[in-house]
Structure formats: structure tokens, C-alpha cells
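Novice: Need a 3D model of the sequence below.
(chains A and B)
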Amino acid sequence: MNNPESPEKNERPHIFDNPGNVRRLILGFFVCCALLILTDLIVHRHLTFAEGALPVEGWFGFYAIYGFVACTLIVLGAIPLRKMIMRSEDYYDE
Amino acid sequence: MSEIHPALILLAGGLFLFCLPGTPRRMVSVCLPVLGFLNLLTIAEGTLWHITWGGYELTVLRADRLSMLFGYLFHLAAFLGAIYALHLKDRLQIGTGLIYAGSAVGAVFAGDLITLFIFWELLAITSVFLIWARGGERALRSGMRYLVMHILSGLLLLLGAVFYFLNTKSLAFEHIGLNEGHHYLIFLAFGIKCAFPLLHNWLIDAYPESTPVGTVFLSAFTTKTAVYALARGFAGEELLIYIGAIMTMFPVFFAVIENDLRRVLSYSMINQIGFMVVGIGVGGALGINGAVSHAFNDVIFKGLLFMSMGAVLYRTGRMNATDLGGLYKSMPWTCACCLIGAASISALPLFNAFISKPMVMQGVANMGAVGIWLVLLAASAGVLHHAGVKIPFFTFFAHDSKIRCPEAPLNMRIAMTISAILCVAIGSYPPLLYNLLPYPVDYISYTTTHVVLQLQLVFFGVLAFAALMLTGNYPAERPSVNLDADWIYRRALPNGIRAIVRTGGPLVDAFFNGGKALIRKLIAGIRTQHNNRGLFGRSWLSQSNVLLAIIFLAIYLIYYF
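Specialist: This next block holds a predicted model:
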């Protein structure tokens, strides 16, 4: 079945074995992000809230920036949490 | 008009599976959910079946739009689970799995609290075998902890039902609300099964310890039955909005640092249930529709994600992010299905969460609850990060773990493919689900605004992940155990009891030792006074006896004079 130490040497190269493909994928993704945020210049978004409750929601790039900042803060927030709660794998087995 | 209770086919059929040998058992196991579903179709909405038991009238069947929706959903989940289990040689998992599914069906059709209680406990008892099926000490202990929590939930429900009956003279399971103290007993019973914060740890603890098949079954029924029960009993309770918001937010932090990928999915499950709980708290047509449609979708995409991780566990024997990676080479089909599940849970347009989660968000926005809405939006970005990116990335891509294994078995691939098709079908054509919802749907998912804002949120969330990865700021996966609320009963309580025993022990010993010493002294004293030299044992002189008699006579005389 699985042979973790020695995958076949003459295995055909897979798509992401080529670093160029990985670069292309990441580049394509960045382009998508840029296009998406630029749609805010063209598309007039309807507000989710009744007028005036959360005006910032209609600003340019609100959702993009919120998504980026929220994800970053969650990951960075998890680092001190890890310091507090991480134990060795056999913590409960003693 | 059918005469068969919707739960009966799965319950009796599940038992029957234990008597069947290999191939017939497999065939029957897939047919049972189909038969159950066909039977369900013959039951008209508005049907009520009553039985009288011990002088009480019980409503064993109440079919309305809410219970029917969950009935359809549970049959679908049982069907997908049965296909996913076809490769199994043992009868325990598929047998208990279908009885467990039948218990969930019974619970959602229960029209009174006692019937609900019976199925509630049956859910606990049948599902624990799916955890124990993994074998070994860890699964055994985890299953025991799971069972204790769920039996406790059942007892709270029973106690709440008794008080409810004493106060209202009715056992009917309708809207309960939180107006009286004893209503909180039922609320808490539902809350345990629904994985409310601090009551959630049975889920994180037990689901990842189960077998690949077991976890797929477990993820579908217990918590969704609880969501149904909350929607029935506590719709529109404001407290649920706050509880739900906490449920969406706290697991995302734990999920970032968790190494066991099925545990990551368990955290994301609490996050998703959080959205449903918020929807129930919002109440009304939009809130309830949002909550139950999201429950429906969650069973499919979370089931799909658990299936893909189960397939990886089945083929590689590993589930830690640190041990996996590069599996897209060996398991491309599983990888593709997992990516569809990931896109679905991230609520990308054309995938099913996109048509359900925004209903909850809109419900919150209509209430003007800006703070809660911002929390939910951040949690949406969070779930995308850990379930949408972390799960597929660390399993199928990232660094090559050099594991080469066969693709998942055919039956697993079929179950995953059907789930993936359903994710896309429901997401692309919302009326498939909207027509089944308890209230008429007055909500349009596909507006330019929704599509654009959701795409921006998702893409920039992924961008944050990519940026942290490329700059090396992403916390590396490490083999570890992360403490959670279960620490209270797995560590603090046992240690506390041991500490009490340690410090209290000497005191107790001293008390008993002192007592024993006192009794020993008494016995020794009595012995010395009764031997031939003691006060009572020695022979006394006759003169002294005469003297004693005279003294007594003198006292007697003086007294009566």
C-alpha cells in the first residue's frame, strides 16, 4: 500500500512539482484579487443594513479589507492562544 | 397513506442488518434509507399519530414542514453514509449507524417531550458504538465521556419535561421559550447536544476518535437534531443570538492551531452550528429558514469534508497535518471532492452555503445588530480559512509527505461525488432547497451585490492565508494536544479530587486512628480491672465487704429518716 519513505523514483512529475506552475497559480490568484477589488469602482453594492446603520459597509473595498484583516487577526490571535493551551501529544495519556 | 412510522424502517432495518451476511447486508443497507424515504413521501403534512401510554397521550408522529425537511435530510444523510460504508466487513458500524439515523428521524417527528426524550437517549446510546468501533483505549475513554454528556442531556430533558408537565398539564412539544426557570432545563439539554460553548467538548473530543465511517454518520445527526429541537422550542429567543455568535467565533482560533484535521473539521462544525443558532435566535421566517437551510447544507458539505478526510485516514492511516501533504498525486478524485466541499463551506457563489448562510446574516442585519453582524462576518472569513483552505492545503498540497497510496475505494468515491454534485446543484439552483423550507422564501441569493461581496470576502481571506504562508508568519503545524473545556473534567476535576483525597486523607486517618486508639485503651482498661488484681476481678476481704454493707445501710437509714 503506502510506502512513505521511498515513492517511486521514476514517477511522472505532477502539476505542482514544477515551481513555475505554482508561481503561475499564485500570480493568477493575485490578479483575481485585484480585479475583484476594482469591481467596487463599477458595481454599486446595495447595503445590507438599513440606511445609516453601518455606512462603512458601502465604502470601497470594505468586504475585501474586512476579510483580509479578519483572517490575519485570527491567525495571529491563535499564536498566543497556542502558547497557553498547547501540550505534548500524550498529555492526557499519563 | 402509509401506516408505517418514518423512523421504523431505519430502526428495525438497522437491527435486521445484524442478522445478514456480507453481500446481502450491503445491498439492504443502501436500500433501507431509500425505502424509508419513499415511505416518508407518503406521509402528508399535518399528520398526527397519538398513542395512549400509562394514561398519557403521546404524539409519536407530527409531520409538518419543519419536521419533514429534517426527515428528508436524515434519509439523504443515511443513504450517503450507507454508500460510504459499503467497503466495511464488520456489521457493527452500518447496523448502529442506521439505527442511529432512525433515532434522529424519530426525534424530529416526536410531537411530545417524552417521545422526544426516548429518541434523544437512543441517539446517544446508538452513536457511542460508532466511536467505540475504532477500538483501543483512547476511543473507549472518549466514547465514555461522550456517553456521560449525552445521558446527562437526556436526563435534563426528562427533568425539564416533568416540570413542564406539572406546570402546563401538557407534554406537547411546541414553542417553549425561556419564560420560566424550568424551561432552562430543556434549553440546557438541547444546548449540550447542540455544542453550546463550554458544553461543546464532547464533539471535539469524540468525533475525531471515531472510524472514518463513524464520523461521517456522527456529523450528520446529533447536532442537527438539536438544531431542529431549538428551532421548534426556542425560536426567536434573543439569548441564542449571543450564544450562536460566540459559537461562530471561538472555534476558529482553535482550528488554526489544531493538528488533527478531523478535529479541525469538528471545530468548524461548531462554527457552522453557531450560524444556525443565531438564525434560530433571530427567529421569524428569514431566521428560521436561514437556520434550517444552513443545517441542511451543512450535513451535505460537512459530510463531504469528513468523507474526504475519512478516505485519507482509511488509505494512509494518518490524520495529522504534520504527517500529510502532497496527496493530490495519489488521491486526485478525493482531492477534487474535498475542494468542492471546501468551496461550499466557504460559501462561494454556486456552492450551497452561499444560498443559506447569507439569510442568517440578513436576518441579523434586519435587526440592526451591527456588532453581531461584524462578528459573523469575521467568523465567515475564519471558517473559510481553516475549513476552506487549511484542510485541503495541508492534506493534498503543502509539502510532499512522500505518501503514495491508492485512490479511495469506489464506494467512497461514489458517496463523495453524489455529495459534491448536491453541493453544486443546491448552490446553483436554490429552489431545490427553498421549496422545502418551513416558510415561503422571500429572499434572493443571486444579486450582484451578494456575489461580489462574497467573492471579495473569500478571495481576500485566502489572500491573507497566502500572504502569511509566503512570509513565513503562519504558525507551523505541530504535533500536540490543545487544551479546551474538556480539560476541566479530564484534568482539573480528577486532580482536584485526588488533591482532596491527599490532604483530606491524613485527617480522616487521624480521626479513625484516634478513635481506634481510644477504644483500644478502653478495652485494655476493662481487662486490667477484671483480672484477678483489678478492681472488679480480685477477691475482696470479707471485712471490707461487711464495712461496705454497713456504709450502705447507714446511707439508707439517713436518707429515710
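Novice: which one is the closest residue to chain A within the stretch 51-200 of chain B nearest to, not counting chain neighbours?
Specialist: Nearest to chain A, among the residues of the stretch 51-200 of chain B, is B:R138, at 8.0 Å (Cβ to the nearest Cβ). From N, CA and C alone the C-beta is placed, and that goes for glycine too. Distances taken as Cβ to Cβ, 6 or more residues apart in numbering or on different chains place B:E209 nearest to B:R138, at 5.9 Å, with adjacent residues excluded.
Novice: what's the spacing between B:K402 and chain A?
Specialist: The gap separating B:K402 from chain A is 5 Å, by Cβ to the nearest Cβ, to the nearest Å.
Novice: Which helix or strand contains that residue?
Specialist: Assignment of secondary structure by DSSP states H and E places B:K402 within no helix or strand.
Novice: For it, report the pLDDT, please.
Specialist: Looking at B:K402, its pLDDT reads 86.
Novice: domain assignment for chain B?
Specialist: Taking automatic domain parsing as the domain assignment, the ranges for chain B are B:1-234, B:236-484, B:506-560.
Novice: need the ones you listed in CSV with mean neighbour count, can you?
Specialist: Below are the domains of chain B laid out as CSV (neighbours: other Cβ atoms under 10 Å in any protein chain shown):
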stretch, mean neighbour count
domain B:1-234, 20
domain B:236-484, 22
domain B:506-560, 10
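Novice: Let me know whether B:L348 touches B:I355 as I believe.
Specialist: No - the pair B:L348 / B:I355 is not scored as a contact, 11.2 Å apart, by Cβ atoms under 8 Å.
Novice: how about the helices in chain A?
Specialist: A:19-42, A:62-85 (DSSP state H).
Novice: repeat for the stretch 101-250 of chain B
Specialist: B:113-132, B:137-168, B:183-193, B:201-206, B:212-233, B:238-257 (DSSP state H, counting those that start in this stretch).
Novice: From the contact counts, what lies against the longest one?
Specialist: Here helix B:137-168 touches helix B:113-132, helix B:183-193, helix B:201-206, going by 3 or more Cβ pairs under 8 Å, 6 or more residues apart in numbering or on different chains; DSSP states H and E.
Novice: Would you mind giving those as JSON lines with mean pLDDT and distance to B:F163 added?
Specialist: Listed next are these as JSON lines, based on pLDDT from 0 to 100; distance: least, Cβ to Cβ, whole Å:
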{"stretch": "helix B:113-132", "mean pLDDT": "95", "distance to B:F163": "10"}
{"stretch": "helix B:183-193", "mean pLDDT": "95", "distance to B:F163": "7"}
{"stretch": "helix B:201-206", "mean pLDDT": "92", "distance to B:F163": "25"}
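Novice: For the ones you listed, please prepare CSV with the additional fields distance to B:F74.
Specialist: Formatted as CSV, the helices and strands packed on helix B:137-168 follow (distance: least, Cβ to Cβ, whole Å):
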stretch, distance to B:F74
helix B:113-132, 11
helix B:183-193, 15
helix B:201-206, 18
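Novice: And those: which comes nearest B:R413?
Specialist: Each of the helices and strands packed on helix B:137-168 has some distance to B:R413 by Cβ to Cβ; the shortest is helix B:113-132, at 21.8 Å.
Novice: Packing partners of the closest one?
Specialist: Using 3+ Cβ pairs under 8 Å, 6+ apart, helix B:113-132 sits against strand B:56-62, helix B:92-109, helix B:137-168, helix B:183-193, helix B:212-233.
Novice: Recalculate using a threshold of 10 Å.
Specialist: Packed against helix B:113-132 by the contact rule (3 or more Cβ pairs under 10 Å, 6 or more residues apart in numbering or on different chains; DSSP states H and E) you find helix B:8-17, strand B:48-53, strand B:56-62, helix B:92-109, helix B:137-168, helix B:183-193, helix B:201-206, helix B:212-233.
Novice: okay, those in CSV with distance to A:M84 next?
Specialist: Converted to CSV, the helices and strands packed on helix B:113-132 look like this (distance: least, Cβ to Cβ, whole Å):
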stretch, distance to A:M84
helix B:8-17, 44
strand B:48-53, 52
strand B:56-62, 47
helix B:92-109, 36
helix B:137-168, 23
helix B:183-193, 26
helix B:201-206, 17
helix B:212-233, 27
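Novice: Need the helices of the stretch 101-250 of chain B in CSV (columns: distance to B:L313).
Specialist: Formatted as CSV, these follow (distance: least, Cβ to Cβ, whole Å):
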stretch, distance to B:L313
helix B:113-132, 14
helix B:137-168, 13
helix B:183-193, 25
helix B:201-206, 15
helix B:212-233, 5
helix B:238-257, 18
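Novice: in which helix or strand would I find B:S356?
Specialist: helix B:353-366.
Novice: can you give me how far that helix is from the chain middle?
Specialist: 24 Å (Cα atoms, centre = their mean, to the nearest Å).
Novice: got it, and stretch B:200-216?
Specialist: Centroid separation between stretch B:200-216 and its chain, computed with Cα atoms, centre = their mean, is 9 Å.
Novice: on that earlier part again, so what's in contact with B:L348 and B:I355 at the same time?
Specialist: B:G427 (Cβ atoms under 10 Å, 6 or more residues apart in numbering or on different chains).
Novice: State whether B:L38 and B:I9 are indeed in contact, as I suppose.
Specialist: Yes - under the criterion of Cβ atoms under 10 Å, B:L38 makes contact with B:I9 at 9.1 Å.
Novice: what's in contact with the lowest-mean-pLDDT helix or strand in chain A?
Specialist: When the helices and strands of chain A are scored by mean pLDDT, DSSP states H and E, strand A:86-87 comes last with a mean of 80. Strand A:86-87 is contacted from outside by B:257, B:259, B:478, B:480-483, B:487, B:491, using Cβ under 10 Å, 6+ apart.
Novice: Would you report which members of the residues you listed are assigned to helices?
Specialist: Among the contacts of strand A:86-87, DSSP H puts B:257, B:487 in helices.
Novice: when you check chain A, which of the contacts of strand A:86-87 turn up near it?
Specialist: B:257, B:259, B:478, B:480-483, B:487, B:491 (Cβ under 10 Å from any Cβ of the partner chain).
Novice: Spatially, which two of those residues are the most separated?
Specialist: B:R478 and B:R491 (20.3 Å).
Novice: how about low-confidence regions in chain B?
Specialist: Low-confidence segments of chain B (pLDDT under 70): B:1-2, B:561.
Novice: contacting residues around the residue nearest the centre of chain A?
Specialist: Against the mean C-alpha coordinate of chain A, by Cα atoms, centre = their mean, the closest residue is A:C71 at 7.2 Å. Counting by Cβ under 10 Å, 6+ apart, A:C71 makes contact with B:252, B:256, B:378, B:381-382, B:384-386, B:389, B:457, B:460-465, B:467-468.
Novice: And B:L265, by the same measure?
Specialist: B:207-208, B:215, B:219, B:255, B:258, B:302, B:305-306, B:308-309, B:341, B:345, B:386-387, B:391.
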